[in-house]
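[1] Output the structure for:
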Amino acid sequence: MSKITAVSLQAKNKNRVNIYLDGEFFAGVSLETVMGLRLKVGMDIDEKDIRNLLELSERSEALNKAVGYISKTPKTKRQVKEYLLKKGYSDKVVYCVIDKLSDYNYIDDIAYAAKYIENYKNSQGKHLIEYKLMMKGVCKSDIEAAYGDNVFSQKEEAFMLAEKHLKNKEPTKENFSKTFRYLIGKGFSYEDAEQALSKLRGRNDGEDFNG
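    This next block holds a predicted model:
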């Protein structure tokens with residue numbers, strides 16, 4: 001049997017606690033785990049038993065936290081990972097929870113990306129959508145898988161946005177230039193932006209546009 005000789009908050013992470021057995025460091029665990037198991041200085045405990053108990057408790061707590069987190073709005077694997085790490089759970093526990101959530105399809109980066117694409121394809125170009133998804137932790141291959149064989153027409157979307165942007169404006173070179181920059185800022189390629197504006201120019205006096 002071993003005795004808990006110290007329980008102290010970590011200096012750099014107030015959500016984690018260091019546990020000492022018989023005067024020596026034993027493990028760092030979440031504060032919530034320590035409180036839930038009512039661990040305190042002076043308790044006699046078997047080292048093997050407490051190790052297993054701490055790991056099972058942390059996994060269970062982290063899983064519950066993660067489920068609550070993703071129940072509000074869908075999240076990517078990276079978002080769940082960062083959330084749990086901030087809560088004070090170890091890398092081992094976090095990856096275990098992410099694997100379990102993935103097995104049950106509670107988190108799915110491809111499905112997340114597909115939903116994001118569907119929501120924003122009418123207002124953002126592919127480049128911008130890809131950038132924002134990658135910032136959320138979705139890898140390039142998962143983004144491409146989300147597009148699949150149903151890649152929406154960037155040219156048509158660019159044209160629709162350009163048409164909306166130029167609505168009630170004079171078809172001047174300056175306004176076409178502003179719309180061109182607007183489309184680029186929305187993540188459309190130079191080619192798609194130019195073709196969209198070329199199509200709109202055809203409705204007017206055939207004015208040349210050089211971007």
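[2] pLDDT below threshold where in the chain?
    Where the chain drops to pLDDT under 70, the residues are 149-153, 203-211.
[3] longest helix anywhere in it?
    Looking across the chain with DSSP state H, the single longest helix is helix 47-72.
[4] Quick check: can you list the domain ranges of the protein?
    The chain breaks down by automatic domain parsing into domains covering 2-103, 109-147, 154-201.
[5] could those domains be laid out in TSV, adding mean neighbour count?
    For the C-beta atoms, the positions are set from N, CA and C on the backbone; glycine is no exception. Below are the domains of the chain laid out as TSV (neighbours: other CB atoms under 10 Å):
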stretch	mean neighbour count
domain 2-103	16
domain 109-147	17
domain 154-201	17
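[6] so who does the closest residue in space to residue 47 that isn't next to it in sequence touch?
    In this structure, residue 47 finds its nearest non-sequential neighbour in residue 2, 5.0 Å apart by CB to CB, 6 or more residues apart in numbering. By CB atoms under 8 Å, 6 or more residues apart in numbering, the contact set of residue 2 is 21, 22, 26, 44, 45, 46, 47, 50.
[7] now with 7 Å?
    21, 22, 45, 47 (CB atoms under 7 Å, 6 or more residues apart in numbering).
[8] Spit out the contact partners of the second one.
    Spelled out, it's residue 22. 2, 3, 5.
[9] Using CSV, write down the CA coordinates of the helix or strand hosting the last one.
    In this assignment (DSSP states H and E), residue 5 forms part of strand 2-9. Below are the C-alpha coordinates for strand 2-9, written out as CSV (Å, rounded to 0.1, in the frame of the first residue of the first chain):
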residue,chain,number,x,y,z
SER,A,2,1.0,3.6,-0.7
LYS,A,3,0.0,6.8,1.0
ILE,A,4,-1.0,10.0,-0.8
THR,A,5,1.5,12.5,0.6
ALA,A,6,0.6,15.6,-1.5
VAL,A,7,-2.0,16.8,-3.9
SER,A,8,-1.1,20.1,-5.6
LEU,A,9,-2.3,22.2,-8.5
